[in-house]
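>>> Sequence plus predicted model, see below.
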Amino acid sequence: MVAGEAAEAGGGRVSFPYISICFNIFSPPTGNSPTLVAMHAIEKAAALVEDARRICVLTGAGISTDSGIPDFRGPHGVWTKNPGAERTATIQTYVSDPQARERAWRRYIDGGMWTEREPNAGHRALVRLEARGKLEMLITQNVDGLHARAGTSEDRLVEIHGTMAKAMCLSCGRRGPIGEVLERVRAGELDPHCLVCGGIVKAATVSFGQTVAVEDLERAERAATSCDLMMAVGTSLAVIPIAYVVPIAARHGAPVIILNAEPTPYDDMASVLVSAGISDALPRIVG
Ligand SMILES: [Zn+2]
């Protein structure tokens, strides 16, 4: 049985006559306002956050769309509409084809890397959760670096697919701000190599064909087993193995909040399902 708000609405148990009247008279809902069912779910989620002390959060592309960063796998995602682009984003192509590297750096320079984008109210809400002492771990599937830019601490953040904010050498592993490499590209180096060992340099993201770091998976799993509330935000929970943190937390007794526009495979585990705009709903949930 789905434990979410939609099921409750279907059962006719949501009764908001007064709120409904208030809204009709004083505050007509706009196109972006959450529905009454969503508002009820937001209240329930906020109560769970209030009671929790060690919250594990998993975020996906949905939290960054309000920062102007495109979704990759959603119904209108970059890769959904152009599967060929996904095939060329492999590590094998990057390593073997200098022209693929030149194209990648050129795309970043031309703004395809979102280095100028700013965190939104959703990212900032999770910084507040940490300031309240309630954040056990923030695990993100996003590579946009916006959680770190918003101010989430490094020791509370697992960027499971890496980050575009840094570049790394594929030979010696040296990492540094990607801005330094982009400066070299702007100065005329089409395919800049590592200044220490001469190896191929790439954005510090996990491309297709690369494996995620074992220590990151371990940090994520530890947080999932020890948290007292799991919150999945803006993710379709389709990318494994990281999506498994949700059932792991549920199995260890943590209630689960899922805040996402589309259904996920784990909706039936959720104590609360919230279907509302993230940068609007998350600040209300976090308080
Ligand atoms: Zn190197």
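Okay, I see it.
>>> For the stretch 1-150 of the chain, give me the ranges with low pLDDT.
Across the stretch 1-150 of the chain, the ranges flagged by pLDDT under 70 are 1-33, 71-88, 111-115.
>>> one more time with 80
Scanning the stretch 1-150 of the chain for pLDDT under 80 picks out 1-34, 70-89, 111-116.
>>> cool, and the stretch 151-287 of the chain?
Using pLDDT under 80, the flagged stretches of the stretch 151-287 of the chain are 208.
>>> can you map out the strands along the stretch 101-250 of the chain?
135-140, 157-159, 162-169, 175-177, 201-205, 229-233 (DSSP state E, counting those that start in this stretch).
>>> For the ion, which of those is the nearest?
The ion lies closest to strand 162-169 among these, at 3.1 Å (CB to the ion). For every residue, glycine as well, the C-beta is placed using N, CA and C.
>>> Give the other helices and strands that the closest one contacts.
helix 146-150, strand 175-177, helix 178-186, strand 201-205 (3 or more CB pairs under 8 Å, 6 or more residues apart in numbering; DSSP states H and E).
>>> Burial check on R186, number of neighbours?
When neighbours are counted by other CB atoms under 10 Å, R186 registers 10.
>>> What sits closest to it if chain neighbours are left out?
The shortest distance from R186 to any non-neighbouring residue, by CB to CB, 6 or more residues apart in numbering, is to I109 (6.3 Å).
>>> looking at it, the one you found is touching L182, isn't it?
Yes. With contacts counted by CB atoms under 8 Å, I109 reaches L182, the gap being 6.2 Å.
>>> So for the two, which sits in the more crowded spot?
More crowded of I109 and L182, by other CB under 10 Å: L182, with 18 against 13.
>>> Give me the distance from stretch 150-168 to the chain's centre.
Computed by CA atoms, centre = their mean, to the nearest Å, the chain-centroid distance of stretch 150-168 equals 11 Å.
>>> Those residues of the stretch 151-287 of the chain touching the ion, which are they?
Residues of the stretch 151-287 of the chain found near the ion (CB under 5 Å from the ion) are 169, 171-172, 174, 194, 196-197, 199.
>>> now these: which count as buried?
169, 194, 199 (16 or more other CB atoms under 10 Å).
>>> For the last one, give me its contacts.
Applying CB atoms under 8 Å, 6 or more residues apart in numbering to G199 gives the contacts 169-172, 193.
>>> change it to 10 Å
Contact analysis of G199 by CB atoms under 10 Å, 6 or more residues apart in numbering lists 168-174, 193.
>>> Now do the domain split for the chain, please.
According to automatic domain parsing, the chain comprises the domains 1-69+119-161+212-287, 70-113+166-205.
>>> Of those domains, flag the one that's most buried.
domain 1-69+119-161+212-287 (a mean of 19; mean count of other CB atoms under 10 Å).
>>> how distant is that one from the center of its chain?
Centre-to-centre, domain 1-69+119-161+212-287 and its host chain are 10 Å apart (CA atoms, centre = their mean).
>>> Next SSE downstream of the helix ranked longest in the chain?
Counting residues, the longest helix found in the chain (DSSP state H) is helix 36-51. Per DSSP states H and E, helix 36-51 leads on to strand 55-59 as the next helix or strand towards the C-terminus.
>>> re the thing from before, got JSON lines for the helices and strands packed on strand 162-169, with distance to D51 too?
JSON lines is the format used below for the helices and strands packed on strand 162-169 (distance: least, CB to CB, whole Å):
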{"stretch": "helix 146-150", "distance to D51": "24"}
{"stretch": "strand 175-177", "distance to D51": "39"}
{"stretch": "helix 178-186", "distance to D51": "40"}
{"stretch": "strand 201-205", "distance to D51": "36"}
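>>> my guess is D51 meets A254, correct?
No. Using CB atoms under 10 Å, D51 is not in contact with A254, being 11.5 Å away.
>>> and S96, how far is that from L170?
Noted for S96: a distance of 12 Å to L170, by CB to CB, to the nearest Å.
>>> picking up where we left off before, for R284, which of the strands of the stretch 101-250 of the chain is the nearest?
strand 229-233 (12.9 Å; CB to CB).
>>> Tell me which residues touch P241, please.
160, 212, 217, 220-221.
>>> Now do the contacts for the nearest residue to A52 once chain neighbours are set aside.
Among residues not flanking A52 along the chain, L229 sits closest, at 3.7 Å (CB to CB, 6+ apart). By CB under 10 Å, 6+ apart, L229 lies in contact with 45, 48-49, 51-57, 134, 136, 249, 254-257, 271.
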